[in-house]
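Trainee: Please work out how this folds:
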Amino acid sequence: MPDWFVEVRVILSNSWVFILSPAIIIFYLRKDWPAFYFSIITAAFFLYGTLIYSALREFDDIYIWRYVVWAFNDIAWMAIIAYLGIKDKVYLWQSVLGQLVVIMAPILQLFRLVDRHLWDLSYSTYMYKTLLPLINIGTVVVCYLPLIYLFTRRSQQA
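Mentor: As a prediction, the model looks like this:
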């Protein structure tokens, strides 16, 4: 196999993009554009995070900028999704649920920064390692909700 293919496969397997891929494909084939846009934007932000992760860790040896970058990344995702929700490009209910799930992430990132550097404590360690994966899982679940809604609606009609 070509080296570039192996690298792409490793990046996708280390990212939530791999888990979002079926939703993106299904929404595209069904021409469910609001759900597709929500999922593709979420996947793009997950992929961006995966691509910059090692460079950011290498650059940030004082453990400050990584939390600022991740918080900004979450806030940027929330802003784009909110804008698209207002413009009816994504489902408004999905936009609101996504905002509610992700709002804790930038708060947690900045709390981690303050906890490590200002207070020099470790209160945030377990919260950070537990809540951040749950937030990411919640975001992926919100991406799949239109599909779940479709299946439940069809089973009620039958």
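
Trainee: Flag every buried residue along the longest helix belonging to the chain.
Mentor: If you go by DSSP state H, the chain has its longest helix at helix 124-157. For helix 124-157, the buried set under the neighbour-count rule, 16 or more other C-beta atoms under 10 Å, comprises 124, 128, 131-132, 135-136, 138-140, 142-147. No exception for glycine: its C-beta is placed from N, CA and C like everyone else's.

Trainee: Give me the next element, helix or strand, following the strand or helix carrying Ala43.
Mentor: Taking DSSP states H and E as the definition, Ala43 sits inside helix 33-59. Following helix 33-59 in sequence order, the next helix or strand is helix 65-86 (DSSP H and E).

Trainee: What helices and strands are in contact with that following helix?
Mentor: Under the contact criterion of 3 or more C-beta pairs under 8 Å, 6 or more residues apart in numbering; DSSP states H and E, helix 65-86 touches helix 33-59, helix 92-102, helix 104-117.

Trainee: between these, which gets the lowest average pLDDT?
Mentor: When the helices and strands packed on helix 65-86 are compared by mean pLDDT, helix 104-117 comes last with a mean of 87.

Trainee: Report the buried residues of that one.
Mentor: Quick answer for helix 104-117 (16+ other C-beta under 10 Å): Met104, Ala105, Pro106, Leu108, Gln109, Phe111, Arg112, Leu113, Asp115, Arg116.

Trainee: Just want the angle from that helix to helix 65-86.
Mentor: Note on geometry: by axes from the mean of the first three to the mean of the last three C-alpha atoms, to 10 degrees, helix 104-117 and helix 65-86 are set 160 degrees apart in direction.

Trainee: Between helix 124-157 and helix 104-117, find me the angle.
Mentor: Using the same axes, to 10 degrees: helix 104-117 against helix 124-157 is 170 degrees.

Trainee: quick thing: my sequence starts at 540, can you match it?
Mentor: That works, and once the first residue is 540, the last one we named lands at helix 643-656.

Trainee: Okay, the nearest residue to Leu636 once chain neighbours are set aside and Phe566: tell me how far apart.
Mentor: Once flanking residues are discounted, Leu636 sits nearest to Val681: 5.0 Å by C-beta to C-beta, 6 or more residues apart in numbering. As judged by C-beta to C-beta, to the nearest Å, Val681 and Phe566 stand 13 Å apart.

Trainee: Overlap in contacts, those two.
Mentor: Residues touching both Val681 and Phe566 (C-beta atoms under 8 Å, 6 or more residues apart in numbering): none.

Trainee: Right, I'll leave it there.
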